[in-house]
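Undergrad: Let's see this in three dimensions:
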Amino acid sequence: MSAVEPLPSKDLAGTDGTRKTFKAKSQARLFGFADPEEIKQNIKAELLGEKEEYNVHDLYYETGFFQFVAKHHLFENFTLAVISLNAVYIAIDTDWNKPEPLTSTDSRDLSASPIFFQMMEHLFCIYFTVEWIVRFCAFRRKCDCLFDAWFVFDSIMVILMIGETWVMTIVAQTMGLEGGSPLGNTGILRLFRLLRLARLLRMLRSLPELMILIKGMVTAMTSVLYVMGLLVMLTYVFAIAFTQLTVGTLAGELFFANIGLSMYSLLIHATFMDDLAAFANELKTDELWYCLVLAIIFIFLASLTLMNMLVGVLCEVVSAVAVTEKEECLSFKMVETMKHVLEKLDTNEDKHISYKEFTAIVSDPEALECFKDVGVDPMICLDFADLFFFADGEPTELSFEEFIDVVMNLRESNEAKVQDIYNIWHQIQSYRQQDQESMQRTLESTTTKLEMKIEEKHDRLQGLMEDVFQELRSIQGGSPRAANRSTSPLHAAPVTSGTVARRVTPAAYRRIAKSKDRWDGHGNE
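TA: As a prediction, this is how the structure comes out:
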């Protein structure tokens, strides 16, 4: 047994006609652990969308008026436009719906407002209520609406808007409150009006760039907290020093009377550099020159180092998140587009892609546009098609997940990594092992055929030799003694010479035939 055994492999062409990738049997299975290949498949399944992504449209009816309206993109876009208009109207209402516009006075109540403002409030309330009803009626099971976060959020917004616009007005008229609200002109009423701005969050669903920024901020929150914590500790240490060093001075009375005031002064003037000249001039005296040096050191540490470090951390994290989000968006777009294209071109509906279907895909305008968006050259895909759709000279098919994986790996922006080198080595090793097995089978077959031919030639030669010697015996004489030697020389009995027995071979006969003293001219001994 050899010291190094080749890795076991599987044929690239499976029995079902699909293409199989090379997989080594992991030793983790021997110890009961999860196979790394299974883990990779689970991750790939999630990335390629095998695990279905949540979409509220899947909870709607498949037929009907309400589901048609709720799913239509014009309805969604018009709703976003109304939300944007409502946000602009809130600013107009805040500044102009008051006895003295553009002044710091309270706004009028709805019942006391001019007709324009009353009409706009009622129109907005009617539209958002109708929109909520349409979306609610579109749900196949009404209890599913409780599990959709956006619908729950919109429901709260609609309830608050109805309460402010209609319920409070009706209650005020019933209670006989002229020009007033049952809650009065309190902060609760202002809070209700401010909460209407929260509806702008719905626009995040249609603006991926905003989501990238928000995710970047959330991701960088840990690093930001560490930087801010370091800034607080630095400010606290220097605040104690300035409080003790400026006792009995004018600068101490203005900026460093206690620890809290010292930290505030250092944060505003030395970190954010607000009115830094006035702050430094108070320390520029003969008796506080060392405090000025200490303040400059704090500015270098806090403002020029930590704050710039914070900016760098935010930029780095947001850039990384932006790249990740864009890659994810491109992947989902690629998956959705290719699913749509494959539905049109998959004639046999087997959810697999053959070479013929692939050539039709790269000719489809929608697919070409998708290739362009993700940075894949269709010509490169065609160059590598023979590698993906043929194995051992036989056509194979790719599953949809394998096809998406192949296309995403052919992007021009991809960089070679260690994993790519490992995959190439893995494939070369599998191909090499298959070639070795093929060469071994070919060699065994050739050896068998050669042995059969040698045996056949040997038998034919032996037959010819027997015929030749038979003819020689007939020519050399027909004496009874010669006739008795009719046995073939190749099968003759051993001839004794003295006391040593030897087998008579054709070479021996040739030597005997040339001996004058053993044979006479008439064939007699």
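
Undergrad: Let me know how buried Asp93 is, in neighbour terms.
TA: Neighbour count for Asp93, taken as other CB atoms under 10 Å: 20. Placement of C-beta: from N, CA and C, glycine included.

Undergrad: gap between it and Asp144?
TA: Separation of Asp93 from Asp144 (CB to CB, to the nearest Å): 36 Å.

Undergrad: Then Lys449?
TA: 71 Å.

Undergrad: What are the buried residues along stretch 270-280?
TA: 270-271, 279-280 (16 or more other CB atoms under 10 Å).

Undergrad: swap in stretch 114-128?
TA: 117-118, 120-121, 124-125, 127-128.

Undergrad: For Leu345, state which of the buried residues of stretch 270-280 is nearest.
TA: Nearest to Leu345 among those, counting by CB to CB, is Thr271 at 62.0 Å.

Undergrad: Show me where the stretch 401-525 of the chain has its strands.
TA: 495-497, 500-502 (DSSP state E, counting those that start in this stretch).

Undergrad: Just the C-alpha atoms of the helix or strand hosting Val88, please, in PDB.
TA: Secondary structure from DSSP states H and E places Val88 in helix 73-96. Taking Å, rounded to 0.1, in the frame of the first residue of the first chain, the C-alpha atoms of helix 73-96 are listed here in PDB:
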ATOM      1  CA  HIS A  73     -45.900  49.900  -8.100                       C
ATOM      2  CA  LEU A  74     -47.900  53.000  -9.000                       C
ATOM      3  CA  PHE A  75     -49.800  52.800  -5.800                       C
ATOM      4  CA  GLU A  76     -46.500  52.500  -3.800                       C
ATOM      5  CA  ASN A  77     -44.900  55.400  -5.600                       C
ATOM      6  CA  PHE A  78     -48.000  57.600  -5.200                       C
ATOM      7  CA  THR A  79     -48.000  56.800  -1.500                       C
ATOM      8  CA  LEU A  80     -44.400  57.900  -1.200                       C
ATOM      9  CA  ALA A  81     -45.200  61.100  -3.000                       C
ATOM     10  CA  VAL A  82     -48.100  61.800  -0.700                       C
ATOM     11  CA  ILE A  83     -45.800  61.200   2.300                       C
ATOM     12  CA  SER A  84     -43.200  63.600   0.900                       C
ATOM     13  CA  LEU A  85     -45.900  66.200   0.300                       C
ATOM     14  CA  ASN A  86     -47.300  65.700   3.900                       C
ATOM     15  CA  ALA A  87     -43.800  66.300   5.200                       C
ATOM     16  CA  VAL A  88     -43.600  69.600   3.300                       C
ATOM     17  CA  TYR A  89     -47.100  70.600   4.400                       C
ATOM     18  CA  ILE A  90     -46.200  70.100   8.100                       C
ATOM     19  CA  ALA A  91     -43.500  72.800   7.800                       C
ATOM     20  CA  ILE A  92     -46.000  75.200   6.000                       C
ATOM     21  CA  ASP A  93     -48.700  74.500   8.600                       C
ATOM     22  CA  THR A  94     -46.200  75.200  11.400                       C
ATOM     23  CA  ASP A  95     -45.100  78.600  10.000                       C
ATOM     24  CA  TRP A  96     -48.300  79.900   8.500                       C
END
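
Undergrad: about what we covered before: with secondary structure, distance to Asp286 and pLDDT as new columns, can the buried residues of stretch 114-128 be given to me in JSON lines?
TA: Compiled in JSON lines, these are given as follows (DSSP: H, G, I helix; E, B strand; the rest coil; distance: CB to CB, whole Å; pLDDT from 0 to 100):
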{"residue": "Phe117", "secondary structure": "helix", "distance to Asp286": "64", "pLDDT": "92"}
{"residue": "Gln118", "secondary structure": "helix", "distance to Asp286": "69", "pLDDT": "92"}
{"residue": "Met120", "secondary structure": "helix", "distance to Asp286": "66", "pLDDT": "93"}
{"residue": "Glu121", "secondary structure": "helix", "distance to Asp286": "66", "pLDDT": "91"}
{"residue": "Phe124", "secondary structure": "helix", "distance to Asp286": "67", "pLDDT": "92"}
{"residue": "Cys125", "secondary structure": "helix", "distance to Asp286": "69", "pLDDT": "92"}
{"residue": "Tyr127", "secondary structure": "helix", "distance to Asp286": "71", "pLDDT": "94"}
{"residue": "Phe128", "secondary structure": "helix", "distance to Asp286": "68", "pLDDT": "93"}
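
Undergrad: Having no further points to raise, I will conclude here.
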